[in-house]
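1. Generate a structure from the sequence data that follows.
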Amino acid sequence: MRKMAGNAEEIDVSFVMTVYNKEYYLPAVLKALLNQSGLKNPEFIFVDDLSKDRSVEIIEEATRGVPNVTILRKKQNEGISISINKGIELARGEWVRMLDSDDILPLNSTEKMIALADKHGADMVYGTFRKTGKEPMDIAAEKMPADFSYDYQPDALRTVLKGHFTRMGQLIRRQVLQEAGGADVRVFIQDESIPLRAGRLAHGVIKMQAEAVLVPKETNNLSKNTHQLDHDRFFAHYYFLKDYGATLDRDIAATVYAKAVSANWKYVKKNLPHPYFTCDFWSYLAVKLFHPQANQAFLEKTAERFAGLTDVLRSAKK
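-> Numbers count the residues shown, from 1 in each chain. Below is the predicted model of the structure:
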């Protein structure tokens, strides 16, 4: 692990980036990241999951002389959720902003997110994202507009369950994120589990109607593997219900169950013959019409099916 000493001033935000074979994107991603405006004393944490290309070398070159830089080179490929948690554990800032190594952050996005969080006393801030289809360097100097609408809700978990809060680039208070345990390491992709786990503890969430993340043209992306997405969406909600279901309000528990059932139906509809004649469809219809409490037997049967998939990635066992 390489560390670059910083000054003694309190760190305002820790950027945590997971890295795996992203040399094509990193020059532009780092240009936008290292030029975030309006910050007092940022920290940059890079967790490399055993890249086989020049990703780490590019990061080292770009951050040479930059204070508060940590580069963690793992000795084993363990998966995204485990990697992001290693970065979260190292974070020292009041805020943590997480990003994938192909995400371009508009130059003024972090300062605007912090300003809104401070104004409303919110623990979580999200924005929208846009798939640009452009070369990475073509969007590395973009900014968010001066004015945009946003919505503040004091009940973070209910708000997370109602909306789309899964893209990286979010800002979360470090104390909340670390207490929540970061991502669920039993789920390979962290997108679904972090908002759930942090939302359970957070006071207030802000959703900006402005692009906090710009996505350049995609080369090889896990979002193209729909089995992976359905698998991880199901297990993020399945494990959340198993871990915290007894402490959740009934309506929240029913919504989490409905999310798990919906993820399963997306998989079944695309992959099973005659899906509308299955118990999966009737379970999906029931949650849409009646919002029932969890059918544990159905969840366990579904978990067994997803666990048997052979074309999805899973976190390395710790």
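
2. make it CA atoms for all contacts and neighbour counts henceforth
-> Will do.

3. so where's the protein shaky on pLDDT?
-> The model of the chain has pLDDT under 70 over residues 2-8, 220-223, 317-318.

4. Mind doing that once more with 80?
-> 1-9, 166-168, 219-224, 317-318 (pLDDT under 80).

5. tell me, which helix in it spans the most residues?
-> Counting by DSSP state H, the longest helix found in the chain is helix 250-271.

6. and that helix, which residues are buried?
-> 252-268 (16 or more other C-alpha atoms under 10 Å).

7. Return the residues in contact with the most centrally placed residue in the chain.
-> Centroid-nearest residue in the chain: Asp191, 3.4 Å away (criterion: C-alpha atoms, centre = their mean). Contact analysis of Asp191 by C-alpha atoms under 8 Å, 6 or more residues apart in numbering lists Thr166, Arg167, Met168.

8. Over to Ala156?
-> Counted by C-alpha under 8 Å, 6+ apart, Ala156 has contacts Met124, Gly199, Arg200, Ala202, His203, Gly204, Val205.

9. most surrounded residue in these?
-> Met124 (30 neighbours; other C-alpha atoms under 10 Å).

10. right, and it touches Leu201 too?
-> No - judged on C-alpha atoms under 8 Å, Met124 makes no contact with Leu201 at a distance of 10.3 Å.

11. SS state for Lys119?
-> helix (DSSP: H, G, I helix; E, B strand; the rest coil).

12. check contacts around it.
-> Residues near Lys119 by C-alpha under 8 Å, 6+ apart: none.

13. As a quick check, tell me the outermost residue of this structure.
-> Computed with C-alpha atoms, centre = their mean, the residue of the chain farthest from its C-alpha average is Phe277, at 34.8 Å.

14. how much space between that one and Glu135?
-> Counting by C-alpha to C-alpha, to the nearest Å, the gap from Phe277 to Glu135 is 45 Å.

15. try Ile206
-> From Ile206 across to Glu135, the span is 30 Å (C-alpha to C-alpha).

16. Those two: which is more packed in?
-> Comparing Ile206 with Glu135 by neighbour count (other C-alpha under 10 Å), the higher total belongs to Ile206, at 24 against 15.

17. quick one: contacts for the more buried one?
-> Here Ile206 is in contact with Leu116, Ala117, Ala122, Met124, Val125, Tyr126, Tyr150, Asp151, Tyr152, Gln153 (criterion: C-alpha under 8 Å, 6+ apart).

18. Helices along the stretch 1-150 of the chain, start to end?
-> Along the stretch 1-150 of the chain, the stretches classed as helices by DSSP state H, counting those that start in this stretch are 26-34, 55-63, 80-90, 109-120.

19. List the buried residues for the longest one?
-> Within helix 109-120, the residues that qualify as buried by neighbour count (16+ other C-alpha under 10 Å) are Ser109, Thr110, Glu111, Lys112, Met113, Ile114, Leu116, Ala117.
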